[in-house]
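In: Can you look at this prediction? I've put the sequence above it.
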Amino acid sequence: GQNIDQPTEMTATEGAIVQINCTYQTSGFNGLFWYQQHAGEAPTFLSYNVLDGLEEKGRFSSFLSRSKGYSYLLLKELQMKDSASYLCAVRPYDSSNTGKLIFGQGTTLQVKP
Amino acid sequence: GAVVSQHPSRVICKSGTSVKIECRSLDFQATTMFWYRQFPKQSLMLMATSNEGSKATYEQGVEKDKFLINHASLTLSTLTVTSAHPEDSSFYICSARPGWQRIYGYTFGSGTRLTVV
């Protein structure tokens, strides 16, 4: 089966750094995605990792360890607008090569002044 | 580029009726589209993979006769919720992946909030 775990909720202070963890157990691995989703809106793409290591993109960074089945999303210099849900999604091995994604339950981040 | 349009954004229907949701790729061709549903404060649950010109592939536990998917062209997939019941009330989102954006191409529609009364 497919299993992706994230913390349900996190709280952080404006200007601080927060790390959101994601662990996964899937049938094969073809990449891991992080998405941001504000309430009632569609998810928007943040990052993609397929090789081990850190990918940096402005205030956002994402790390992957395939051997550990582990990823994290790092948000620096937090802003109030970063309050949202953060979704970890894995593309498992897919014999039909459709590219489907399996999502974790999402982490709701609340940024406080 | 890579815009996915989803309509309607909100729909309220009576129990027992059917509702059709459209998902269009506006500036690219999508041989594959994905349909998700999302309950409040939960994540996206993949319902089915929609394949242009062939039958959709449904995830385990999703009733294919209740959630009819048609992908008749390279830019349009539709999801029809048949004989809707209040428990079908949810947020439905489609996504598509342009062939020329192999990594970043999972673009999502804006979602449809379905309320069955």
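Out: Cool, the structure landed.
In: use CA for all of it now, contacts and neighbours both
Out: Noted.
In: how about A:P7, what does it touch?
Out: A:I20, A:N21, A:C22, A:G106, A:T107 (CA atoms under 8 Å, 6 or more residues apart in numbering or on different chains).
In: repeat that for 10 Å
Out: A:I20, A:N21, A:C22, A:T23, A:G104, A:Q105, A:G106, A:T107, A:T108, A:L109 (CA atoms under 10 Å, 6 or more residues apart in numbering or on different chains).
In: ok, now B:V3?
Out: With the criterion set at CA under 10 Å, 6+ apart, B:V3 makes contact with B:R24, B:S25, B:L26, B:D27, B:F28, B:S95, B:A96, B:P98, B:G105, B:T107, B:F108, B:G109.
In: which of these sit farthest apart?
Out: The span of the contacts of B:V3, defined through CA to CA, is set by B:R24 and B:G105 at 14.6 Å.
In: tally of neighbours for the residue nearest to A:A84 when sequence neighbours are not counted?
Out: Leaving aside its sequence neighbours, A:A84 sits nearest to A:H38 (CA to CA, 6 or more residues apart in numbering or on different chains; 4.9 Å). By other CA atoms under 10 Å in any protein chain shown, 15 other residues sit near A:H38.
In: Please tell me the pLDDT value assigned to A:H38.
Out: A:H38 is assigned a predicted lDDT (pLDDT) of 92.
In: quick one: it and A:K81 touch, right?
Out: Yes. Counting by CA atoms under 10 Å, A:H38 does reach A:K81; the two are 9.4 Å apart.
In: sorry, back to before: can I get the contacts of B:V3 in JSON lines with distance to A:K68, pLDDT and secondary structure?
Out: Shown next, in JSON lines, are the contacts of B:V3 (distance: CA to CA, whole Å; pLDDT from 0 to 100; DSSP: H, G, I helix; E, B strand; the rest coil):
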{"residue": "B:R24", "distance to A:K68": "38", "pLDDT": "94", "secondary structure": "strand"}
{"residue": "B:S25", "distance to A:K68": "36", "pLDDT": "91", "secondary structure": "strand"}
{"residue": "B:L26", "distance to A:K68": "39", "pLDDT": "91", "secondary structure": "coil"}
{"residue": "B:D27", "distance to A:K68": "38", "pLDDT": "85", "secondary structure": "coil"}
{"residue": "B:F28", "distance to A:K68": "36", "pLDDT": "85", "secondary structure": "coil"}
{"residue": "B:S95", "distance to A:K68": "29", "pLDDT": "94", "secondary structure": "strand"}
{"residue": "B:A96", "distance to A:K68": "29", "pLDDT": "89", "secondary structure": "strand"}
{"residue": "B:P98", "distance to A:K68": "31", "pLDDT": "72", "secondary structure": "coil"}
{"residue": "B:G105", "distance to A:K68": "26", "pLDDT": "60", "secondary structure": "coil"}
{"residue": "B:T107", "distance to A:K68": "28", "pLDDT": "88", "secondary structure": "strand"}
{"residue": "B:F108", "distance to A:K68": "29", "pLDDT": "91", "secondary structure": "strand"}
{"residue": "B:G109", "distance to A:K68": "33", "pLDDT": "93", "secondary structure": "coil"}
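In: out of those residues, which touch chain A?
Out: B:S95, B:A96, B:G105, B:T107, B:F108, B:G109 (CA under 10 Å from any CA of the partner chain).
In: backbone phi and psi for the residue of chain A at minimum distance from chain B, please?
Out: Here chain A gets closest to chain B at one residue, A:Q105, 4.4 Å apart by CA to the nearest CA. Main-chain dihedrals, A:Q105, degrees, to the nearest 10: phi -80, psi -10.
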